[in-house]
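A.B. asks: Fold the following, please.
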Amino acid sequence: MSDVDAQHRTGIALIVAAAVAWSTAAFFTRLLHFDSWTILFWRGLFGGGAITLFLVATQGGRGARDLVAMGAGGWLVACLSTVGMVAFIPALQMTSVANVAVIVAVQPFAAAAIAWIWLREAALPRTLLASAVALVGVAVAVSGAGGVADYRGIGLACVMMLALSLMTVAIRRHRETPMVATAALSNFLGSLISIPFAQGIGSATASDLGVLAMFGFCQVGLGLTLFTLGSRLIPSGQASLIATLETPLMPLWVWLAFAEMPSVRALVGGALVMGAVVADIAAGGRAQLVQPAER
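C.D. replies: Predicted structure coming up:
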């Protein structure tokens, strides 16, 4: 096996591991019996700390300076990421994990629409078609919602998805933005915002803090670290495709641990959304392979 093949396999393994780490968010949220603000406070503290350690370990003094001397673009990205995190945890508590996972999967298409409006980036026909299929999938998945809490959870999931879509476009608009530093900052901002509203910060036991630390270190810190390392070894389109494993894995862990079975509508809608995401990214990858041959 050549060094190139070995690096490629390593990159794939790292991105798969990152998707697995990210997908544990719903599992940890179900495991913890605190209000969402308390979970956000501790997760942000532990997650931001883990990312900061990774930043300093890999970039040294420059990484620390990126965290302290954040430009306007970095603050914009960090604030949008914070909005997404603040909406994510209560969404998982109010509606089914399957509903949240399906809505999260639409994020690439929402980002494409925002990029067209903000940056005037033309959307490809295949992306428009995939977006239409994904919207149908979301409509099918959430059509079985019942009760005020369910609708609020779906609404918060949509807020999170839009915030992350805006964040994605903002990163492209401000290409100089240090991604890892903004991730650390957004976690600390989430903790800071949570303080006035959190009701259980002081009531967390040692075992609770252990679970919260694992939430922050594993789901946030480890996920970002693995994705950052893996994305350096494989094409970005392939990395994005592999990262979509997070969507089906989120409800899987909750089903295995808590017997939370997704509804038939959620499964059908999720299949439509995931099919649209995979088809669009795979088509983009094939187009990149064909272009060099045509020149």
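
A.B. asks: Output the below-cut-off pLDDT ranges for the stretch 101-250 of the chain.
C.D. replies: Within the stretch 101-250 of the chain, the segments meeting pLDDT under 70 span 123, 236-238.

A.B. asks: That one: helices as residue ranges?
C.D. replies: Secondary structure of the stretch 101-250 of the chain by DSSP state H, counting those that start in this stretch: the helices cover 107-118, 125-142, 148-173, 179-194, 206-214, 223-230, 236-243, 246-258.

A.B. asks: And the fifth one, what does it pack against?
C.D. replies: Identification of packing neighbours for helix 206-214 by 3 or more C-beta pairs under 8 Å, 6 or more residues apart in numbering; DSSP states H and E yields helix 25-31, helix 36-59. Every C-beta, even on glycine, is put in place using the N, C-alpha and C of the backbone.

A.B. asks: okay, those helices in TSV with distance to residue 121 next?
C.D. replies: Converted to TSV, the helices and strands packed on helix 206-214 look like this (distance: least, C-beta to C-beta, whole Å):
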stretch	distance to residue 121
helix 25-31	29
helix 36-59	29
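
A.B. asks: To residue 234, which of those helices lies closest?
C.D. replies: Nearest of the helices and strands packed on helix 206-214 to residue 234, taken as C-beta to C-beta: helix 36-59 at 18.7 Å.

A.B. asks: next helix or strand past that closest one?
C.D. replies: helix 61-68 (DSSP states H and E).

A.B. asks: Buried residues, that following helix. List them.
C.D. replies: 63, 66-67 (16 or more other C-beta atoms under 10 Å).

A.B. asks: Can you get me a residue count around the residue lying closest to residue 48 once chain neighbours are set aside?
C.D. replies: Closest residue to residue 48 apart from its sequence neighbours, by C-beta to C-beta, 6 or more residues apart in numbering: residue 187 at 3.3 Å. By other C-beta atoms under 10 Å, the residues close to residue 187 number 29.

A.B. asks: got it, and residue 117?
C.D. replies: Applying other C-beta under 10 Å, we find 9 residues neighbouring residue 117.

A.B. asks: Pull the contacting residues for it.
C.D. replies: By C-beta atoms under 8 Å, 6 or more residues apart in numbering, the contact list for residue 117 is empty.
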